[in-house]
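Asker: This is a predicted model, with the sequence first.
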Amino acid sequence: MSDQADKQLDLGILFPPQVEVAVRRGAAAGELYPEEAALCGRFAPKRLREFAMGRLAARQVLARMGIEHFPLLKRPDETALWPEGITGSITHTDGICLVAAARAPIAALGIDAEIVSHVTAELWQQIFTQREAALLHRLSARQRQRHAAAIFSAKEAFYKCQYVLTGEWLEFEDIEVAVTEENEAFLRFAVRPQRTLTLQQHFAPLWHGRAAFPAEDLVVTGVVLSRTL
Ligand SMILES: CC(C)(COP(=O)(O)OP(=O)(O)OC[C@H]1O[C@@H](n2cnc3c(N)ncnc32)[C@H](O)[C@@H]1OP(=O)(O)O)[C@@H](O)C(=O)NCCC(=O)NCCS
């Protein structure tokens, strides 16, 4: 993907309009706030670059929400420590980073990006339930690759979203993702629990999300839990 392609990433359909999204490709560690840089002591260069991209994208999103000069620190469990009243999510893959954030009534959100061609058949057994795999097998090769990547990414986005509210670890087989609608640029999906999840104490299933294919070989998914929905 070129920088030009980045500028054209259309992520408008991923989230409701009150969610702010920023895309970042490249960032220098020198741009971090000192408090953020202090978290990077043992990072390898690749990890330092992706961490810096995330913090710079988060800064962009927070500025749009009226919050300036806010070092985005992290909890011991590696989740970001967003300002009071704001929930957000960070993802990086292959040199690109995306950040989404929102205020109440959105209670939590998750964003995830994956390289479509990296979700190879060898990974299927780890990621998909038998029913998910059976449905994938019925598709054409191209559609199968798109759905496989979107479902994998959807599981990661959903995991991040629910974790912020519950702190609960999930295995891939704990949820099932089904595509409910699609066109060339995006698809919608439903998430069904396969066991009782802690999240069900707060939000009744089904849950829903969207996936976008904003550049060649890239899928980005978003899941939002809102108290008013
Ligand atoms: C946390 C996790 C989802 C991150 O996904 P990833 O594809 O490796 O990495 P991404 O770049 O998309 O996301 C990384 C960001 O997620 C955030 N994050 C880390 N742990 C998190 C958690 N438990 N919940 C929510 N967000 C988390 C961080 O902000 C991190 O970026 P940063 O360290 O630069 O701040 C993954 O590493 C993980 O632990 N998964 C749990 C098990 C799982 O996948 N179960 C099956 C899904 S149902």
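Answerer: Cool, the structure landed.
Asker: What pLDDT is listed against the nearest residue to residue 198 once chain neighbours are set aside?
Answerer: Excluding its sequence neighbours, the residue lying closest to residue 198 (C-beta to C-beta, 6 or more residues apart in numbering) is residue 166, at 4.0 Å. In short, each C-beta sits where N, CA and C put it, glycine included. Predicted confidence (pLDDT) for residue 166: 97.
Asker: Mind listing the strands whichever helix or strand residue 98 is part of pairs with, and their directions?
Answerer: Element membership for residue 98 (DSSP states H and E) is strand 96-103. Applying DSSP bridges, strand 96-103 is found paired with strand 20-24 (antiparallel), strand 86-93 (antiparallel).
Asker: Summarise which helices and strands the helix or strand hosting residue 188 is packed against.
Answerer: Residue 188 is part of strand 186-193 when elements are defined by DSSP H and E. The helices and strands touching strand 186-193, judged by 3 or more C-beta pairs under 8 Å, 6 or more residues apart in numbering; DSSP states H and E, are helix 141-166, strand 175-182, strand 207-215.
Asker: With mean neighbour count and distance to residue 129 as new columns, can these be given to me in a markdown table?
Answerer: Converted to a markdown table, the helices and strands packed on strand 186-193 look like this (neighbours: other C-beta atoms under 10 Å; distance: least, C-beta to C-beta, whole Å):
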| stretch | mean neighbour count | distance to residue 129 |
| --- | --- | --- |
| helix 141-166 | 22 | 10 |
| strand 175-182 | 18 | 5 |
| strand 207-215 | 22 | 16 |
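Asker: Can you lay out the ones you listed as a markdown table showing distance to residue 34?
Answerer: A markdown table is the format used below for the helices and strands packed on strand 186-193 (distance: least, C-beta to C-beta, whole Å):
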| stretch | distance to residue 34 |
| --- | --- |
| helix 141-166 | 26 |
| strand 175-182 | 39 |
| strand 207-215 | 34 |
